[in-house]
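Trainee: I'll drop the sequence and a predicted model, then ask my questions.
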Amino acid sequence: MVDRPGWKELAGRAPSQLNSQPWRFVLVESRETIEEVARISGESMTESMSDGTFFERYKPFFRFSRAEMERRRDGMLFDKLPAPLRPFTGQVFTKRGQVLMNALRVPQTLGAENRALVAGSPLLLGAMLDRSTYRPDSLTSFYSTFSLGAAMENLWLATGTLGLGIQFVSFPMERPERWAQVERLLAVPDDLELMAVYRIGHVPPERVRPAIDWASDERRRISQ
């Protein structure tokens, strides 16, 4: 990645409401800390897949055929199920599908894959907001969240320019108790709110899709 002053400058150049610059960042390089975040992330994925909360929450965004993906041009193409589940693709979001996935230990398999992906990252980036501006009962909450999005877009575009990859480590956020573990692990001060964690690293030249990856290359047409 760019040197530390460089990436801070990239984020700091983003627009913000009233030039409030509410963002704060922590760059995690400790191998021990990265592996612990990876463990939490993998366990979070297993839990969310096992009890069905992940599928129930996000099923409007999954597509089950390339024809549907071509028509909708949004969401994720659910095309990489473990081999034993492929005949039951259309039933993934049913109670029967959940029972079958749990019997085949699919949540454990996917959780292990998730843990390996995060653990293989040389860097993690924690994005935080200043609680003096991020107040959920105030319009400043929207302004600060919107501003952080602009700062992260700057960093996201820069990683691609440098030949790096960046990905949201989202599963701990699905489980509030797990997210609290991440906050404690990163020693987030009381005056800051941890909003997101990203993994950053070099993209392998062969670009082999991991087992838990789902395609999302399509974008809606202008007419849509």
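Mentor: Alright, I've got the coordinates. Note that the coordinates shown come from a computational prediction; the quantities given were computed from them, not determined experimentally.

Trainee: mind listing what Phe146 touches?
Mentor: By Cβ atoms under 8 Å, 6 or more residues apart in numbering, the residues touching Phe146 are Gln17. Every residue, glycine included, has its C-beta placed from N, CA and C.

Trainee: Please identify the buried residues of the host helix or strand of it?
Mentor: With elements delineated by DSSP states H and E, Phe146 resides in helix 140-161, which encompasses its position. Within helix 140-161, the residues that count as buried by 16 or more other Cβ atoms under 10 Å are 140, 143-145, 147-148, 151-152, 154-156, 158-159.

Trainee: do stretch 165-184 as well
Mentor: By neighbour count, with 16+ other Cβ under 10 Å as the criterion, the buried positions of stretch 165-184 are Ile166, Val169, Phe171, Pro172, Met173, Glu174, Arg175, Arg178, Trp179, Gln181, Val182, Glu183.

Trainee: returning to that earlier point: mind exporting the helix holding Phe146 as CSV, just the C-alpha atoms?
Mentor: Below are the C-alpha coordinates for helix 140-161, written out as CSV (Å, rounded to 0.1, in the frame of the first residue of the first chain):
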residue,chain,number,x,y,z
THR,A,140,-25.0,14.7,11.9
SER,A,141,-25.0,10.9,11.9
PHE,A,142,-26.0,10.9,8.3
TYR,A,143,-23.5,13.6,7.4
SER,A,144,-20.6,11.8,9.1
THR,A,145,-21.5,8.4,7.7
PHE,A,146,-21.7,9.9,4.2
SER,A,147,-18.4,11.6,4.6
LEU,A,148,-16.7,8.4,5.8
GLY,A,149,-18.1,6.7,2.6
ALA,A,150,-16.3,9.4,0.5
ALA,A,151,-13.1,8.9,2.3
MET,A,152,-13.2,5.1,1.9
GLU,A,153,-14.0,5.5,-1.8
ASN,A,154,-10.7,7.5,-2.2
LEU,A,155,-8.8,4.6,-0.5
TRP,A,156,-10.7,2.0,-2.5
LEU,A,157,-9.9,3.6,-5.8
ALA,A,158,-6.2,4.0,-4.8
THR,A,159,-5.8,0.3,-3.9
GLY,A,160,-7.0,-0.7,-7.4
THR,A,161,-4.6,1.8,-9.0
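
Trainee: Since that was my last question, I'll sign off now.
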